[in-house]
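no sequence for this one, just the structure:
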């Protein structure tokens, strides 16, 4: 990774983390209240998500008009368009985990900086889950 890539990653990561801190997305109760539309609903995260969707809708087509990314040789854009059971089940598990825990990976990692024990527990559990998935995947499809 070049110095320009490292600096860019640091700046963009700090900007993303700051946005998560300012919006309150590192606080599980705020996220759970946003998801609880039938109870103590807190619609304030709609602005965060709406802003992210708006920026993506504007910037993504402009970025893809470039011949290549600024710091890579090619774009890595998913080409699969089919919905399979793994995608649906994985998405459902992600949503259930987000609703129950109030964390998704980005805010949980940012929460580590604040010393949150809930963030630490989530991140350790997430890493364990990733390792278990990798082990299961490797056992099911050994190298050829």
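Yep, it's here. Quick caveat, the model's predicted, so the values are computed rather than measured. Numbering: from 1, shown residues only.

make it CA atoms for all contacts and neighbour counts henceforth
Noted.

Low-confidence regions, the chain specifically.
Applying pLDDT under 70 to the chain flags the ranges 143-144.

which residues in it form helices?
Here the chain has its helices, by DSSP state H, at 3-23, 28-35, 45-64, 85-101, 105-113, 117-140.

Could you export those as a markdown table, including distance to residue 78 and mean neighbour count?
Shown next, in a markdown table, are the helices of the chain (distance: least, Cα to Cα, whole Å; neighbours: other Cα atoms under 10 Å):
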| stretch | distance to residue 78 | mean neighbour count |
| --- | --- | --- |
| helix 3-23 | 21 | 13 |
| helix 28-35 | 28 | 20 |
| helix 45-64 | 13 | 12 |
| helix 85-101 | 13 | 13 |
| helix 105-113 | 20 | 18 |
| helix 117-140 | 20 | 13 |
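
Output those in CSV, with distance to residue 72 appended to each entry.
Conversion of the helices of the chain to CSV gives the following (distance: least, Cα to Cα, whole Å):
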stretch, distance to residue 72
helix 3-23, 9
helix 28-35, 34
helix 45-64, 13
helix 85-101, 28
helix 105-113, 23
helix 117-140, 26
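
and residue 77, which of those helices is closest to it?
Closest to residue 77 of those is helix 45-64 (Cα to Cα; 9.4 Å).

by how many degrees do the closest one and helix 28-35 diverge?
90 degrees (axes from the mean of the first three to the mean of the last three Cα atoms, to 10 degrees).

okay, the angle between helix 45-64 and helix 3-23?
160 degrees.

circling back: indicate which one of the helices of the chain is closest to residue 76.
Closest among those, using Cα to Cα: helix 45-64, at 10.5 Å.

Next up, the contacts around residue 64.
Contact analysis of residue 64 by Cα atoms under 8 Å, 6 or more residues apart in numbering lists residue 75.

For it, give its distance to residue 16.
21 Å (Cα to Cα, to the nearest Å).

follow-up on the earlier one: which one of the helices of the chain lies nearest to residue 74?
helix 45-64 (10.3 Å).

Go ahead and measure how far the closest one is from the middle of the chain.
15 Å (Cα atoms, centre = their mean, to the nearest Å).

and what of stretch 10-26?
Taking mean C-alpha positions (Cα atoms, centre = their mean), stretch 10-26 and its chain are 12 Å apart.

repeat for stretch 43-54
With Cα atoms, centre = their mean, you get 15 Å for stretch 43-54.
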